[in-house]
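> Build me a model from this:
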Amino acid sequence: MDRHRCRFCARELDETFVDLGLSPLANSFVPTERANAAEPTYPLHARACGACGLVQLPQFEPAANIFDRYLYYSSYSESWLRHAESYAAEMIARARLGAASEVIEIASNDGYLLQYFQRAGIRALGIEPASGPAATAIAKGIPTRTCYFGRDAAAALRAEGHEPDLIVANNVLPHVPDINDFVAGLRILLPETGRTTLELPHLLHLVEQIQFDTIYHEHLSYFSLATLETVFRAHGLRVFDVDELPTHGGSLRLHVCAEAAPQGASPTLERLRQRERDAGLDQPATYRDFQAKVAAKREMIRGFLAGAQRAGKTVVAYGAPAKGNTLLNYCGVTPELISFTVDRNPHKQGLLLPGTHLPIRDPAALIAARPDYVFILPWNLKDEIIAQLAEARAWGGQFVVPAPDLSIVS
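Numbering: from 1, shown residues only. This is a model prediction of the structure:
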């Protein structure tokens, strides 16, 4: 892709959304033996398309370099599993799924979601390019194809006789380099009577809550509802309903059907369209002061960490999410300010965070260290994490939540 042209409509990109400087890839965790080796860094400069409204980053690395060795496993988050189980129950009822139905999930990871459809006696198939999570799903008994999704994969599935009643694509469209190929694949695979649902972070929340850390190289696109409707319409699909979700700091769940399907647009859909217009998401001027707001938030975070250091307080981070690496690198955090981080995912333990080189340890190391502050990097999971670390109260530990505003939780 020409990095100065829109990946959907090919319009030249001349409007800056935010420039976060140079940063390593957010999921390029570093083995300790390579701690002193040079790391590649790339501009983290998001632009907004003046034609279709898509906020986006250029693609610097082929998808295979990121996802073939992907270390994110969905099942390590208890709240995400609850979210998946609730979704499955809701869609079984709304789409009237039963033993004769089929559900296909794109970017099915380790089977975190499809397991709930299987338990209900519904045929399930996962499409997952990352070999590690795919192998974990297969070991659970969930049929999984290790491949990328697009026109070719969709045509192959249809040729095999797959006609899914429901296609699920959670938090995958923002990572897709070729949006048109992906959405065209949805149209090929989706029967006239079927539906697809997609979950993804909402640009409105990113703007209103200054969620700059959700911007990272692997997360190529940032969508408003208006842009999403434009994209689907271009490929013979139509959004007929939308749910607003608290996940990932504020997400949308789109319900999509074929253009000619009988479903009418829900009142919720029109209300959200109006909210975006009222917020000025269709106006370039809305984005022009975002850079200054992000810089102010950086100074707030750095001010807290420097103040804690001066006061002799210890700070340990919790989590190793992609968003955390954007935050730490943009804010110039070093091991002198945060000594290490912990994560429940054993695939990340023993590695170093990209850029900052904070060591990733088992959560037991945090308990042993008894820090004054626990800096929660996956702030969207703060309630789950605070509950897991309830014993921090015994030594007077406090939790630092960096979004939507920096706050201290006792």
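> Buried residues, stretch 122-135. List them.
With burial defined by 16 or more other C-beta atoms under 10 Å, the residues of stretch 122-135 counted as buried are 122-130, 132-134. Just so you know, the C-beta spots here come from the backbone N, C-alpha and C atoms, and that holds for glycine as well.
> Please disregard the earlier target; I meant stretch 263-271.
Neighbour-count burial for stretch 263-271 [16+ other C-beta under 10 Å]: Leu269.
> buried ones in stretch 390-404?
Residues 392, 397, 399-403 are the ones in stretch 390-404 that count as buried (16+ other C-beta under 10 Å).
> Now tabulate the buried residues of stretch 122-135 in JSON lines and tack on distance to Phe17.
Formatted as JSON lines, those follow (distance: C-beta to C-beta, whole Å):
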{"residue": "Ile122", "distance to Phe17": "40"}
{"residue": "Arg123", "distance to Phe17": "42"}
{"residue": "Ala124", "distance to Phe17": "37"}
{"residue": "Leu125", "distance to Phe17": "36"}
{"residue": "Gly126", "distance to Phe17": "33"}
{"residue": "Ile127", "distance to Phe17": "30"}
{"residue": "Glu128", "distance to Phe17": "30"}
{"residue": "Pro129", "distance to Phe17": "27"}
{"residue": "Ala130", "distance to Phe17": "28"}
{"residue": "Gly132", "distance to Phe17": "32"}
{"residue": "Pro133", "distance to Phe17": "30"}
{"residue": "Ala134", "distance to Phe17": "33"}
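> Just give me the neighbour total for Ala260.
By other C-beta atoms under 10 Å, the residues close to Ala260 number 8.
> Tell me which residues touch it, please.
Glu192 (C-beta atoms under 8 Å, 6 or more residues apart in numbering).
> Per-residue confidence, it, what does it come out as?
Ala260 is assigned 93 on the pLDDT scale.
> cool, Gln59 as well?
85.
> One more: the one 10 residues further on?
Per-residue pLDDT puts Arg69 at 64.
> How about the one 4 residues further on?
The predicted structure scores Tyr73 at 83 on the pLDDT scale.
> Tell me which stretches of this protein form helices.
63-67, 78-94, 114-119, 131-139, 151-159, 179-189, 203-208, 225-233, 267-279, 290-310, 322-330, 363-369, 382-388 (DSSP state H).
> just checking, what packs against the fourth one?
In this structure, helix 131-139 packs against strand 144-145, with contacts taken as 3 or more C-beta pairs under 8 Å, 6 or more residues apart in numbering; DSSP states H and E.
> Adjacent strands (with direction) for the strand it packs on?
strand 123-127 (parallel) (DSSP bridges).
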